[in-house]
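> Predicted structure and sequence below. I'll ask about it afterward.
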Amino acid sequence: MDHKLKIFKEVAINKSFTKAAENLFLSQPAISKTIKNLEQQYGKALFVRQGNHIDLTDDGKLFLAYTNKLLDIYSELTDAFAGDQQKLPGQLKIGASTTIGQYVIPALVAGIQKDNPEFRFQLICGNTEDVQNQLLNGLLDFGIVEGDNHNKRLHYERFVKDELVLVTAATRNGIPNTIQLNDLEALTFVEREHGSGTREVIGNALKKRKVKPLNIIADLGSTESIKSYLRNSNHYAFLSIHSINQELAGNKLRVVEVTDFQIERWFYFVSRQGYQSKSSSLLQNLLLEGYNQK
């Protein structure tokens, strides 16, 4: 039964039979058949179909709420009888804020899969706010986020320390390698969108030092777009040191030191209060071990 519920949940999340089939490594007919069987079993239409678009009916929304509860119970049951087996499950769904999801996690999981070839994972990247909301809705096994805006219904554990550094195009030779804190007021910046943990951390750090708000000339939706923008402009950004290794090595971007000013933050493992499974804990431990061995 838990297999059917997982299929239903995947369709409900993605609002697509095709996407659910891809994520679960199943055929689309198998997905459609499972949903049809569930609707016949309970005598309720769970989805409304309008052309290529599907959405949950009111009964479907209620069914999803119970599905989340039941899958949590199944996970606890599996953990309770798994003993001391140090083996990852068949699949976990991880949400990660953009920076760590793009530049840290993929390489670590690739190393973990070498020792766990049957392990499958789905990594969903978004800003910190997106990841926390998906966790609260029971759509993820756990998340990895940045920023200090913590939700009381979620549990946070420190994972990796990060530093945000001032970055500009390497071709800007007229700018010194070191500037003073008050020099920031004369610069123009590009920044991540509202809801981004990076943006929040930068704002908090500047407020603590009583620095005027940055002169933001553009909000961009990803670190990659910011880096591309910087390479072709005379502007600046505060970016994670993890995100610019290739650009520094290739002399595309450079770091400008700000005297007596450092922005540090933590990336956090995050899960719903009381819903941390042994499988999720095991993967988190392996991720931490992998990072410390780098």
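Perfect, I can see it now.
> Please count neighbours and contacts with C-alpha atoms only from this point.
OK.
> ok, which stretches of the stretch 101-250 of the chain are helices?
105-115, 128-136, 197-208, 223-231, 245-249 (DSSP state H, counting those that start in this stretch).
> got JSON lines for these, with mean pLDDT too?
Below are the helices of the stretch 101-250 of the chain laid out as JSON lines (pLDDT from 0 to 100):
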{"stretch": "helix 105-115", "mean pLDDT": "89"}
{"stretch": "helix 128-136", "mean pLDDT": "89"}
{"stretch": "helix 197-208", "mean pLDDT": "88"}
{"stretch": "helix 223-231", "mean pLDDT": "94"}
{"stretch": "helix 245-249", "mean pLDDT": "91"}
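> Redo the ones you listed as JSON lines? Include mean neighbour count.
Listed next are those as JSON lines, based on neighbours: other Cα atoms under 10 Å:
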{"stretch": "helix 105-115", "mean neighbour count": "14"}
{"stretch": "helix 128-136", "mean neighbour count": "20"}
{"stretch": "helix 197-208", "mean neighbour count": "17"}
{"stretch": "helix 223-231", "mean neighbour count": "18"}
{"stretch": "helix 245-249", "mean neighbour count": "13"}
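> domains for the chain, by residue range?
Split into domains by automatic domain parsing, the chain comes to 1-81, 161-265.
> Worst mean pLDDT among these?
Sorting these by mean pLDDT places domain 1-81 lowest, at a mean of 84.
> I'd say E247 and L253 touch.
Yes. Using Cα atoms under 8 Å, E247 is in contact with L253, at 5.4 Å.
> picking up where we left off before, and the domains of the chain as a markdown table, adding distance to I144?
Below are the domains of the chain laid out as a markdown table (distance: least, Cα to Cα, whole Å):
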| stretch | distance to I144 |
| --- | --- |
| domain 1-81 | 19 |
| domain 161-265 | 11 |
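> Which of these sits closest to C125?
Taking Cα to Cα, domain 161-265 is the member of these nearest to C125, at 10.4 Å.
> end to end, how far does that closest one reach?
End-to-end distance for domain 161-265, by Cα to Cα, to the nearest Å: 6 Å.
> do the same with stretch 231-240
16 Å.
> Start at 22, not 1
Okay, using 22 as the starting number, the last item reads as stretch 252-261.
> Okay, buried residues for it please.
For stretch 252-261, burial by neighbour count (16 or more other Cα atoms under 10 Å) applies to 252, 256-261.
> Now tabulate these in a markdown table and tack on distance to K90.
Shown next, in a markdown table, are the buried residues of stretch 252-261 (distance: Cα to Cα, whole Å):
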| residue | distance to K90 |
| --- | --- |
| R252 | 48 |
| H256 | 49 |
| Y257 | 46 |
| A258 | 43 |
| F259 | 41 |
| L260 | 39 |
| S261 | 37 |
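> List just the nearest of those residues to Q123.
Using Cα to Cα, these come closest to Q123 at S261, 11.4 Å.
> name the helices or strands packed onto the lengthiest strand in the chain?
For the chain, the strand that runs over the most residues, judged by DSSP state E, is strand 175-190. Here strand 175-190 touches helix 244-252, strand 258-261, strand 274-279, strand 284-293, going by 3 or more Cα pairs under 8 Å, 6 or more residues apart in numbering; DSSP states H and E.
> Nearest to K182, out of these?
With Cα to Cα as the measure, strand 284-293 is the member of the helices and strands packed on strand 175-190 nearest K182 (4.5 Å).
> Direction included, what does that closest one pair against?
Strand 284-293 pairs in its sheet with strand 163-167 (antiparallel), strand 175-190 (antiparallel), by DSSP bridges.
> residues touching Y95, list them.
Y95 is in contact with D23, counting by Cα atoms under 8 Å, 6 or more residues apart in numbering.
> Please report how far it lies from I238.
With Cα to Cα as the criterion, Y95 and I238 are 49 Å apart.
> what does V279 give?
Here V279 is placed at a distance of 21 Å from I238 (Cα to Cα).
> So the two - more neighbours on which side?
For V279 and I238, the more surrounded residue by other Cα atoms under 10 Å is V279, and the numbers stand at 17 against 10.
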